[in-house]
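[1] Next one to model:
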Amino acid sequence: MTAMLPASDRSTIADLQRRLAQVERRAERERAARLEAEAIAEQGLRELFESQKQLLLVQRITIGANQNRGTLPALRLAVSEICQYMGWSFGNAYLTMPDGGMMACDTWYAAELEPLFEFIEISRNVRFPKGYSLPGRVARDPRPHWIEDVTTQSAFERLQVATRCGLRAACAFPIMIGDEVAGVLEFFSRDRLVENDDFMSVVGQLGTQLGRVIERERAQQALLHDALHDALTGLPNRTLLSDRLKQAFDRARPDRRGELAVMVIDLDGFKSVNDTLGHATGDAVLRDIARRLTECMTRQQAADGQADLAWFYTLARIGGDEFTAVIEAPADSGIAERVAERIHAALAERDEGERDLGVTASIGIAYDAPHYAEVDHLHRDADLAMYQAKAQGRHRTVVLSESLGDQIRDRLVLEQELREALKRHEFVLFFQPIVDMDDADRVTGFEALVRWNHPTRGLLLPKDFIDLAEETGLILFLGDWVLQNACRIMADWHRRFGGSPLPTVSINVSPRQFVQPDFARRVDKALISSAIDPTTVRLELTEATAIRDIKHTAAVIGEIRARGVKTSLDDFGTGYSSLSHLQLLPFDYLKIDRSFVAGLAEAGEQRPIVRAILDLARTLGLSVIAEGIETDLQADALRALGCPHGQGFLYGRPLREDACAALLERGGGHARAPARPIDSPRAEH
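    Just a heads-up that it's a prediction; the model follows:
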C-alpha cells in the first residue's frame, strides 16, 4: 500500500519511521541507564545498610564487652550478637589451654534449643588439641577458617552429630592478644554458605576487641594474685590465708570437734643460713622448703583419700621463715599430726651430695572447739603451741590442749605484767644475813634478793618470775635495777651505820646479764652512782654461766676484780665445774649448794663431799659460804669441817630493807643475827 503512494509521501513516511526508531532507541538507552542508576543506588544503599549493621554490631559488642566485668560475659555477648546478625544457628566460645589446645568454656548461643540439643551438649565443654578440629586449626593457624559444608569434611570430629542436627556451614576465627591466640569463636549454620569476606573483616576486628578484654582480665588477675600470694614461694600470703581461715571457721559445725586445724610451722636454725651463706641462699632454701611442705600436704592428702578421709588445706607463707596451714578435715581430727610427722621427716631428708643446713621446724597445732568465739583466737593458740614447741627444745610438734592453752596464756599475761612492773617500779629488795660461822651472832654481809610486789597476787618470789624474765630478755633491765639499788642501799647503810669491817652485799648476776659486752661498764656505773666501796660488793655467778665461755668469763672477772669487786661461784657442786675450770677462773668465793648442806646432819655421803669442797677451796685460796643452813646440827657439822661463812633460816630469813637497816642500827654498824627468823616466806632466793 505504501508503494502506491507518491514517492514524496513514501520518503516522508520513511523519514518518520527512522526518527521514531531513533526516539525509541534513545528512550531504551535512557530507561536502561535509569535502571542501572537505580540498581547502583540500591546496591549502594544495601552496602551502606550492611556497613551500618556491621558497625552497629562492632559497637554493641565493644561497648558490652567493656561494660561486662570478665571474659565469659564478653564472650557470651559476642557469640549471641554475631549469631543473630548473621543468622547462624549455633555459636560457641573457646579459651586457650596452657598446652596451646582449645577448651570450650560453656559460653554458647543457639537459635533453637531442641533441634540442636545433641550438638550443644557435645560442644559445651569439649577440648581440642592444637591442630585438631576447627578450633584447634585456628589455634595452629591464627586466621579465620571457613567450611562451606561440614558434611564433606571427613576429619570433622563432630560430623555425625552435626549431620543429625542438620548443620552445614561452619566458621571460626581467633581472639588475639598481639601474636598470641587467646581464644576462638566458632559458628554453625543450617545452610551451606560461601565465605563472606566482609564478615571475616568484621570478626577480625571483634577478635581484637575481645582479646583486649581477656588481656585486661589477665592483668587484673595477675594483680590480684600478686596481692594475695607470696612473691618468693608463690604460696598464699597472710591476707589470703586469713580470708580462707575465716571462711573455714564460719563453715564449721556448731559443735566444732576438731574438724578445723591451724598449723603454724616456724623454721629452726634458718637465721644462721642467712647470716653465714647470704640471703640468696636463704631465699633458695625457703623456696625448697615451701616445695617440701606442699608435697607433704598433697602426699598425705592422697594417702588419706585412699582411706576415704577427704580433707582440704591452704598452705601459706606468713613472712620470714614462718608458714601456716589451715586444714579442714570433716572425717578425721588427727590429720594435722600426720602431716606434721611428714614435715619433720621431709626437712631431715637430703639429696645425694646436698649439704645439711641444720634447718628443722617447730610446729604448733590448734584444733577448733566450741570455746573459740573468734577465729583469731584459734590462730593465736596455734602460735602459742608453736612457741611452746620451741621452748621444749625445737624440732617437735605441740598440739595445744585447753589446759596447756590456759597455762601459756597465763604466762603471756605474766610477761606483760612483768613489763609493766618494770615501768611502775613494783620490785623490792630483801637482804638475807651472811654470818661468821665461828661467831654466828656476827653478820658479815647480806645477799640481795629481789621480790615482786605484785598489785593483785602479793609478794612474789623469784621462782615465780625469774625464768620468764630470763627467757624474754627482761632480766637485763631487772638485773641492772637490782645491781644499782643493792649498791645504793648498802652504800647508804655504810654511811649511816659505819662498821669495821663494812658489811658486804652479794648480788646475783643472770646469764644474760653477764654475757653483755658492756657488763663491766654497767658494774662501773652502779659503783660510781652509789659511791659504794667496791671491796664490799660480791657478784655471784652460777656454774652454768661461768663455764659457758671460759675465756670470756675469766676476762670479765679480771676486769671486775681490777675495780676491787669480788666474785663468787654460786651453787657449787650442782653444775659442771671441774678443778681445771676453777684454776682458770679467778673467783674469790665458793658457795656450797643447799642440797649438800641438807644432808650434813645425817650419816651419809654429803659430809665427805662438803669436806672435799672445803679442801679444794683452801688449796685454791678461796673463801667458802654454805647456803641453806636451817638446823644447829648442820651448823655444827660445817664448823667442824672448817667452813668460814654461812647463811640460812637458822641465822635469819631475807629481811625487808627497813628491817635490815634496824638490825644494823642496833648493832652500831656491827650487825647481829636476829634472835629468830622474821619476815618473808620460806625461801632464800
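
[2] Can you report phi and psi for Val262?
    Main-chain dihedrals, Val262, degrees, to the nearest 10: phi -110, psi 130.

[3] who's it bridged to?
    Val262 has these beta-bridge partners by DSSP bridges: Val326, Ala366.

[4] Any idea which helix or strand in this protein has the lowest mean pLDDT?
    Lowest by mean pLDDT, DSSP states H and E among the helices and strands of the chain is helix 7-67, with a mean of 64.

[5] list the helices and strands whichever helix or strand comes after that helix packs on?
    For helix 7-67, the following helix or strand on the C-terminal side (DSSP states H and E) is helix 71-86. Judged by 3 or more Cβ pairs under 8 Å, 6 or more residues apart in numbering; DSSP states H and E, the packing partners of helix 71-86 are helix 7-67, strand 90-96, strand 102-110, strand 180-189, helix 197-228. In this view, the C-beta of every residue, glycine as well, is placed from N, C-alpha and C.

[6] what's the spacing between helix 71-86 and its chain's center?
    44 Å (Cα atoms, centre = their mean, to the nearest Å).

[7] for the record, mean pLDDT for it?
    On average, the pLDDT along helix 71-86 is 85.

[8] Could you shift the numbering so residue one becomes 27, and keep it that way?
    Noted, 27 is the first residue going forward, which turns the last one into helix 97-112.

[9] That one: which residues count as buried?
    97, 100-109, 111-112 (16 or more other Cβ atoms under 10 Å).

[10] Tell me how many other residues crowd Val385.
    Neighbourhood size, Val385 [other Cβ atoms under 10 Å]: 21.

[11] ok, it - contacts?
    Applying Cβ atoms under 8 Å, 6 or more residues apart in numbering, we find Val385 in contact with 293-296, 299, 311, 315, 373.

[12] can we see that at 7 Å?
    The contact partners of Val385, taken as Cβ atoms under 7 Å, 6 or more residues apart in numbering, are 293-296, 299, 311, 373.

[13] Please check the residues you listed and keep the buried ones.
    Buried by 16+ other Cβ under 10 Å: 293-294, 296, 299, 311, 373, out of the contacts of Val385.

[14] I'd like those as a markdown table, with pLDDT, secondary structure and distance to Arg242 appended.
    Shown next, in a markdown table, are those (pLDDT from 0 to 100; DSSP: H, G, I helix; E, B strand; the rest coil; distance: Cβ to Cβ, whole Å):
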| residue | pLDDT | secondary structure | distance to Arg242 |
| --- | --- | --- | --- |
| Leu293 | 90 | strand | 40 |
| Asp294 | 88 | strand | 45 |
| Phe296 | 84 | helix | 40 |
| Val299 | 81 | helix | 41 |
| Val311 | 88 | helix | 37 |
| Leu373 | 87 | helix | 42 |
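
[15] Next, name the residue at the spatial heart of the protein.
    Of all residues in the chain, the one closest to the mean position by Cα atoms, centre = their mean is Ile344, 1.5 Å from it.

[16] Need the three-state assignment for it.
    When classified by DSSP: H, G, I helix; E, B strand; the rest coil, Ile344 comes out as strand.

[17] thought it was touching Ala316?
    No - Ile344 is beyond contact range of Ala316, at 11.9 Å (criterion: Cβ atoms under 7 Å).

[18] quick revisit: return the closest of the buried ones among the contacts of Val385 with respect to Tyr135.
    Within the buried ones among the contacts of Val385, distances to Tyr135 taken as Cβ to Cβ reach their minimum at Val311, with 52.9 Å.

[19] give the contact list for the closest one.
    Shown in contact with Val311 (Cβ under 7 Å, 6+ apart): 299, 383, 385.

[20] what does Arg264 give?
    Going by Cβ under 7 Å, 6+ apart, Arg264 touches 342, 344-345.

[21] Now do it, the pLDDT please.
    91.

[22] Then Ala701?
    Note on Ala701: pLDDT of 48.

[23] can you give me the strands for the stretch 277-426 of the chain?
    In the stretch 277-426 of the chain, the segments counted as strands under DSSP state E, counting those that start in this stretch are 286-294, 338-345, 348-354, 386-393, 423-425.

[24] Which among the ones you listed is found nearest to Val152?
    The nearest among the strands of the stretch 277-426 of the chain, by Cβ to Cβ, is strand 338-345 at 29.1 Å.

[25] between the closest one and strand 286-294, how big is the angle?
    On the basis of axes from the mean of the first three to the mean of the last three Cα atoms, to 10 degrees, strand 338-345 is oriented at 40 degrees to strand 286-294.

[26] Dump the C-alpha coordinates for strand 338-345 into PDB.
    Extracted in PDB, the C-alpha atoms of strand 338-345 (Å, rounded to 0.1, in the frame of the first residue of the first chain):
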ATOM      1  CA  PHE A 338      41.400 -29.700 102.200                       C
ATOM      2  CA  TYR A 339      44.200 -27.300 103.000                       C
ATOM      3  CA  THR A 340      45.600 -23.900 102.400                       C
ATOM      4  CA  LEU A 341      49.400 -23.500 103.000                       C
ATOM      5  CA  ALA A 342      50.700 -20.000 103.300                       C
ATOM      6  CA  ARG A 343      54.000 -18.200 103.900                       C
ATOM      7  CA  ILE A 344      53.200 -15.600 106.600                       C
ATOM      8  CA  GLY A 345      56.600 -14.000 106.400                       C
END
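
[27] Identify the residues contacting stretch 641-653?
    The contact list for stretch 641-653 (Cβ under 7 Å, 6+ apart) reads 460, 608, 613-620, 623, 640, 664, 669-674.

[28] do stretch 339-351 as well
    With Cβ under 7 Å, 6+ apart as the criterion, stretch 339-351 contacts 256, 259, 261-264, 266-267, 270, 288-293, 296, 312, 316, 319-320, 323, 352-353.

[29] How confident was the prediction at Gln246?
    Gln246 is assigned a predicted lDDT (pLDDT) of 83.

[30] State the number of residues packed around it.
    12.

[31] Could you do Leu267 as well?
    23.

[32] and what of Asp167?
    Look at Asp167: counted by other Cβ under 10 Å, it has 12 neighbours.

[33] Secondary structure class of Gly674, three-state.
    Judged by three-state DSSP, the three-state class of Gly674 is coil.

[34] was I right about Tyr327 contacting Trp337?
    Not quite, residue 327 is Gln, not Tyr. Yes - Gln327 lies in contact with Trp337 (Cβ under 7 Å); the separation is 6.5 Å.

[35] Name the nearest residue to Val425, ignoring sequence neighbours.
    Once flanking residues are discounted, Val425 sits nearest to Ile391: 4.6 Å by Cβ to Cβ, 6 or more residues apart in numbering.

[36] want to try TSV for the buried residues of helix 97-112, with distance to Val469 as columns?
    Output for these, formatted as TSV (distance: Cβ to Cβ, whole Å):
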residue	distance to Val469
Thr97	89
Ala100	93
Leu101	95
Arg102	96
Leu103	98
Ala104	99
Val105	101
Ser106	102
Glu107	104
Ile108	105
Cys109	107
Tyr111	109
Met112	111
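
[37] Let me know the closest of these to Ile369.
    Using Cβ to Cβ, the buried residues of helix 97-112 come closest to Ile369 at Thr97, 38.6 Å.

[38] pLDDT at Ala29, what is it?
    At Ala29, the predicted lDDT confidence score is 58.

[39] again, but for Ala387
    91.

[40] With Leu608 instead?
    pLDDT at Leu608 comes out at 69.

[41] what do you get for Arg283?
    Model confidence at Arg283 (pLDDT) stands at 64.

[42] try Gly304
    You'll see Gly304 listed with a pLDDT of 84.

[43] what bits of the stretch 327-476 of the chain have low per-residue confidence?
    Within the stretch 327-476 of the chain, the stretches with pLDDT under 70 are 332-334, 356-359, 377-382, 428-432.
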